[in-house]
Each structure stands twice: as structure tokens, then as C-alpha cells.
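Q: no sequence on this one, just coordinates:
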């Protein structure tokens, strides 16, 4: 069994920063950002429990901006670093989302997590601001081998956005054709890469939206990775010994072993560390660890198939994430009230509340399931020689 680590990062973004008033001299411990707003300097704090890390690269104004992201066991953001950091200010710094704005207010970068999904967006004014090559890199299923996805944002012949050159280092990944939509006020393009392994599926979505209507033209590039979705399995394949493994809020390794019957019943449930409360009723079980974290396991039988779902509900004491830029203390420094739509698959900017769902692998060779922004690992080590798995999406909607 392996605890997974994923790195996510971003290279570019844009947004409009509106700040009113004139900043006075900053007191000790506070400094003035390039846009004149009051900011606090980052200070050293106790190292958070880091369960996952990742990297995404997006183009912004013709150059890459890299954002390193670390999350805790609940999926909340532990740290976000933008590089190069010169000229950027964190206008929003919360456990489930961080937003950076540049000095002249022409760009914004936002990172958000929710229910096992992550979305990173870059926002500018025109398509030209977010045109260029980009890249996503991460360990999709926790196998220890990172996957790289490359792409390029370009302008089509009619000036609408397009996404080309999508490639994946995973030869088994399915790259869908780019979808387009154009209207009087702009255009939209979306490309997706679907990863599958051991009965599990995750989707990386790349989208570009341009809106030139009204008084506030904008262009947004978004890269999101969904949570893990389950693929229904034949009852004979789904039945057998299974195990869930993950990191608890204090960094302790937690695990649950159980057996799924061909009729979907769950038996032989044990949990580590000792002291966990286990409640089992037919096709479902609830495990509540002594430190408060809860894992719900449920088997759904349908059409001769079984879907095993593991729903992790962790509520860690997550402080605001650390950043490597000044943090604005002036309210209202985001142009869109802190809301980016992101993509349909990867955290929509909701709570990083640790609620995530994954499914286990059938008894067989050890395998791991990575969920972006969380520390859930699902694996089995039975000698039966088969493996499979399924899970729900990053929004926890199974």
C-alpha cells in the first residue's frame, strides 16, 4: 500500500483588481503592496501536515507563472506559492481557496479545492493574455509515476479560443477532441484527458473562455482535475478483501480492512489506529477514528454489478494556507467576489472540507487511488491476483 502524493501548480492567470483609497504608511509587520493596498508579510508558522502536492503551468502575458500547491489530509490548502512572486499579492487566503492579483490589476490567479478536486485558473483581459503553451503534471492514481499533460492555447482563424497539441505521457489516457462554442460576446473551448486504472476514472479538463461583451472584457484559462469516479464492476470481480488507506488530520496513517460479499454485504471490518468505532449494517459501514475523522463505506448493487464507494469526511483544523507573497488586508481586492466557476469536474471553489469519495480496489496486486487535494489512498494486497476499483466524483455526488 502506498500513500499518494500529488503536486499541482499553475503558470499564469488574470483578473481585474479594484482597490480604492490611498494607502497610508504601513505599520510594523505590514507592508504596502505594489497596487497601494495594505498587506501583511508572510511569517513563519508551525509546519502544517501535508498530504499532497502538485504542479500546473499556464501561460500568462507570454510567460509562465508556476504555482506550487500543498494540501492537508482534509483536502484544504496548506500552502500555495507563486513563482516568480514579484508583483503578486494574495488578495484572498482561505483554506479552500487562494487568489493572487498582480500589481496593475490586470491579472488574477486562483486556486480552489473541493471534495477531492482541484481547479487552478488564470484570468486576463483578452485571449492574447492567456495564449501559449501550458502543462499539468501529477501522480494521477498514486502509482509513484507522475503523468504529464501538455497543451497550447491559441486563437482560431476567426479569433475565437482554441486548445491544440494536447498530449499525455500516459499512453492509455483518452484525449477527447476540443469542444467549441462561439457567441456574439466571445467564445469557449474545452479539452479533456481521461485517465483510467483499476476500475477508476479521473478527468483533467482544460478550458478557455473569452467574454468581450459589456464593459468588463475578460479571458480565463482553467485547468481542473476531478476527484476519482467509480466504474461499476461485475459482482464476481468486486467481491473480496479490500482496504482503504489514508492520512489522518494529525499525520497518522489510517487504514481500514474489510470484505465485500458477492451480494454486496460488508464484513470483517477492522481499522488502524486502534480505538476506532466501527458500525456495520449490511452493505454499509461507518468507521470513526478516535481523533474524529470518519470514513463511510457503502456497496451499491445494480444490474448484477457492484459499486463500492468510500466517502471520507475529515474536518481538520485547517488554518489559512501559507503563501510566498504579501497578503492584502484591504477588503474587496478581488474583481469577482472570489468566485471562479472552474470546470465541471474539478473542485468548483467550494469548501475544502475533507469530504471526498473514493472506491476501493478489489483484492489483488496493490494499487493506489489518488484524489487531488486529499490524502486518500485505496489499495489491496490480497493474493487473488485481480484488481479493480471505483469512486465518486470530486464533488461528492457519487
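A: That came through, no problem. Here the structure is a predicted model, which means the values were calculated and not measured.
Q: tell me where the stretch 51-200 of the chain has strands.
A: Across the stretch 51-200 of the chain, reading from the start of the chain, the strands by DSSP state E, counting those that start in this stretch fall at 52-60, 63-71, 77-83, 88-94, 97-102, 108-114, 117-124, 132-138, 147-155, 161-168, 174-175, 179-183, 186-197, 200-211.
Q: adjacent strands (with direction) for the shortest one?
A: It stands for strand 174-175. strand 186-197 (antiparallel) (DSSP bridges).
Q: the fifth one too?
A: Strand 97-102 has these partner strands in its sheet, going by DSSP bridges: strand 88-94 (antiparallel), strand 108-114 (antiparallel).
Q: relative to the whole chain's centre, how far out is the first one?
A: It refers to strand 88-94. Relative to its parent chain, strand 88-94 has a centroid offset of 18 Å by Cα atoms, centre = their mean, to the nearest Å.
Q: cool, and the last one?
A: A distance of 9 Å separates the C-alpha centroid of strand 108-114 from that of its chain, computed with Cα atoms, centre = their mean.
Q: tell me the pLDDT of residue 220.
A: The score at residue 220 is 97. That number is its pLDDT.
Q: typo on my end, residue 137
A: The per-residue confidence score, pLDDT, reads 86 for residue 137.
Q: domain parsing for this structure?
A: According to automatic domain parsing, the chain comprises the domains 30-229+318-328, 230-317+354-378.
Q: and the ones you listed, which one is worst for confidence?
A: Lowest mean pLDDT within the domains of the chain: domain 230-317+354-378, at a mean of 80.
Q: how far off centre is it?
A: The offset between the C-alpha centroid of domain 230-317+354-378 and the centroid of the whole chain comes to 20 Å, using Cα atoms, centre = their mean.
Q: next one: stretch 125-142
A: Centre-to-centre, stretch 125-142 and its host chain are 14 Å apart (Cα atoms, centre = their mean).
Q: buried residues of that stretch, list them for me.
A: Buried residues in stretch 125-142, counting neighbours by 16 or more other Cβ atoms under 10 Å, are found at 125, 127, 129-142. For the C-beta atoms, the positions are set from N, CA and C on the backbone; glycine is no exception.
Q: adding distance to residue 80, write the strands paired with strand 97-102 out as TSV.
A: What follows is the strands paired with strand 97-102, written out as TSV (distance: least, Cβ to Cβ, whole Å):
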stretch	distance to residue 80
strand 88-94	8
strand 108-114	5
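Q: just the ones you listed: most buried one?
A: Between those, the one whose residues have the most neighbours on average, counting mean count of other Cβ atoms under 10 Å, is strand 108-114 (a mean of 30).
Q: before we move on, back to that, now distance to residue 286 too, for the strands of the stretch 51-200 of the chain, in CSV please.
A: Conversion of the strands of the stretch 51-200 of the chain to CSV gives the following (distance: least, Cβ to Cβ, whole Å):
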stretch, distance to residue 286
strand 52-60, 24
strand 63-71, 24
strand 77-83, 27
strand 88-94, 29
strand 97-102, 30
strand 108-114, 22
strand 117-124, 24
strand 132-138, 31
strand 147-155, 33
strand 161-168, 37
strand 174-175, 35
strand 179-183, 40
strand 186-197, 27
strand 200-211, 22
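Q: thank you kindly, that will do.
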